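Visitor: no FASTA, just this:
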Ligand code: GAR
C-alpha cells in the first residue's frame, strides 16, 4: 500500500476526488493533505474526510524557498509519504526538492501540455483560437509543467466559449483523469493514455 500526500493551495476539488478514489482495492491511501496557505479551503474538506492535514505558510519564509521546503519535507517524511500529488499547488518548487521526489511526484495542469505551461491556460487557448483544450497529468520534474506525460484529456472548444465555461469543463475532466492516473501510477503503470472526451 502506497502513502499519498496531496499538496494544495486553494479549494482542493482535485484533492477531494483523489481522496475519495483511494478506497477498497486501490493500491494507495491518503496520508496527508498539505497547503502553503493556512486558509486554503481544501484543508477543512480534508479534515472532514478524516485525512491528516498540515499548513506551511510560505509567506513566513520570505524568499527562502529552501527553508520552506525543509518544513514541507519534515511533514512529508513524518507522514511516510511514498507519492506526492500536486493538486493546484501554486508555489514553484526548487530543483533540489523536485529531484528528491523525482519519480514519485505527479502534477495536474489545466492545458494540453506542452502548450501553455504556467498560468492563465484557458485564456491563452482561447486567445490563440485553439479548437481543443484539456488537461494533463504528468510526472513532476525540475522543469516547470514538464516531465513525462501520463494522461491527457481533450475536449472541443465550443463557439462562444469563455474562460469560465472552459475552466469548468476542463475541471470536470481533471476530476476524471487525476484519480485514474494515480491509481495506475501507484501500481507501477507509467504508460501514457490519451482521452478525447465530449464533456458538453
Ligand atoms: C486546477 O484546475 C489545476 O489544474 C490547476 O489549479 C486548479 C486547482 O483546482 N493547477 C495549476 O494551474 C497548476 N499549474 P482545485 O484546487 O479545485 O483542485
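Guide: Yep, that arrived. Fair warning: this is a prediction, and the values are worked out from it, not measured in the lab. Residues are numbered from 1 along each chain as shown.
Visitor: The longest helix belonging to the chain: which residues count as buried?
Guide: Criterion DSSP state H: the longest helix present in the chain is helix 163-186. Under the neighbour-count criterion of 16 or more other C-beta atoms under 10 Å, helix 163-186 has 166, 169-171, 173-186 buried. (Each C-beta comes from the backbone N, C-alpha and C, glycine too.)
Visitor: okay, now residue 191: neighbour count?
Guide: 7 (other C-beta atoms under 10 Å).
Visitor: before we move on, what SS does it have?
Guide: Secondary structure for residue 191, judged by DSSP: H, G, I helix; E, B strand; the rest coil, is coil.
Visitor: Just want the residue of this protein that's nearest the ligand.
Guide: residue 88 (2.5 Å; C-beta to the nearest ligand atom).
Visitor: That residue contacts residue 8, correct?
Guide: Yes - judged on C-beta atoms under 8 Å, residue 88 makes contact with residue 8 at a distance of 5.5 Å.
Visitor: Need the residues that contact stretch 54-65.
Guide: Identification of contacts with stretch 54-65 by C-beta atoms under 8 Å, 6 or more residues apart in numbering yields 32-38, 40, 43, 67-68, 71-72, 75, 91-94.
Visitor: Low-confidence ranges, the chain, go.
Guide: Within the chain, the segments meeting pLDDT under 70 span 198-200.
Visitor: quick one, strands of it?
Guide: Secondary structure of the chain (DSSP state E): strands at 2-8, 28-35, 53-55, 83-86, 105-109, 132-139, 149-156, 193-196.
Visitor: Kindly reformat those as a markdown table and extend each row with distance to the ligand.
Guide: What follows is those, written out as a markdown table (distance: least, C-beta to the nearest ligand atom, whole Å):
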| stretch | distance to the ligand |
| --- | --- |
| strand 2-8 | 6 |
| strand 28-35 | 10 |
| strand 53-55 | 14 |
| strand 83-86 | 7 |
| strand 105-109 | 5 |
| strand 132-139 | 6 |
| strand 149-156 | 12 |
| strand 193-196 | 16 |
